[in-house]
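Colleague: from the sequence below, what's the structure:
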Amino acid sequence: MQFLLTLSRWIDRLSEFLGRWVAWLVLVAVLISAANAVTRKVFDWSSNAFLEIQWYLFAAVFMLAAGYTLLRQEHVKIDVVSARFTKRTQIWIDIVGICVFLLPFISYIIVLSMPLVIGAYLSGEVSSNAGGLIRWPVFALLPAGMLLLGIQAVSELIKRIAFLQGLVPDPTKKPGAKSAEEELAEFLQQKEVSAREAAQLGAQK
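Modeller: Okay, here's the model as predicted:
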């Protein structure tokens, strides 16, 4: 199990690294969009390549950061239902979801998308828009993103099994998030401070 936990940590580091660097593509897209707007308004010139590269960058952010999003526990969950169960039951639901739904879905998408990527690469497919870009790089983002998501899903599966064995802390807790006990302590502390301030005001009067 220690080997698997080491593997999980390496996967987490990879997802963290990619997520942080992919985020910069948002800035690149904004700069390209601004440059496109300036050249269109000032020089009355534009290109479909400017528009398409923005779509490509958005697709890259969305797909390549999928594993990072899973690492950060930011994917949509039906918390209103799972919150009614014990933590161990929640972990078992996650394990079943990863094994029965997520990993098979990822495999299916990769299998379906790879012929599209290969076909576009071999044919040199180009956008039908004038001045458009080649298509295979953006097509390749789909299987690449799914692969990264699948790798992170394996890491999440390892951590959940390890949690059931008492080897790691709660893997479903979002990084930086406060536990229920911490939130309660903070609430009580705020109440205590408010009571003191009210008492001091009463004493001054």
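
Colleague: check which residues of stretch 164-175 are buried.
Modeller: For stretch 164-175, the neighbour count (16 or more other CB atoms under 10 Å) marks Val168, Pro171, Thr172 as buried. (C-beta placed from N, C-alpha, C; glycine too.)

Colleague: pull the residues that contact that stretch.
Modeller: 1, 5, 72-74, 87-88, 90-92, 94, 156, 159-160, 162-163, 179 (CB atoms under 8 Å, 6 or more residues apart in numbering).

Colleague: same question, stretch 64-74
Modeller: Residues from elsewhere that reach stretch 64-74 (CB under 8 Å, 6+ apart): 12, 14-16, 18-20, 22-23, 75, 141, 144-146, 148-149, 151-153, 155-156, 172-175.

Colleague: return a ChimeraX selection command for the buried portion of those.
Modeller: Only the buried entries of these go into this ChimeraX selection, using 16+ other CB under 10 Å:
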select :12,14,15,18,19,22,141,144,145,146,148,149,151,152,153,155,156,172
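
Colleague: list the ones among the contacts of stretch 64-74 that fall in helices.
Modeller: Counting by DSSP state H, these place 12, 14-16, 18-20, 22, 141, 144-146, 148-149, 151-153, 155-156 in helices.

Colleague: circling back to that earlier point, how about the buried residues of stretch 164-175 in TSV, adding pLDDT?
Modeller: Formatted as TSV, the buried residues of stretch 164-175 follow (pLDDT from 0 to 100):
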residue	pLDDT
Val168	81
Pro171	79
Thr172	79
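
Colleague: between those residues, which is closest to Ile134?
Modeller: Pro171 (40.2 Å; CB to CB).

Colleague: find the residue closest to that closest one in space, skipping its chain neighbours.
Modeller: Lys159 (3.8 Å; CB to CB, 6 or more residues apart in numbering).

Colleague: this completes my enquiry, with thanks.
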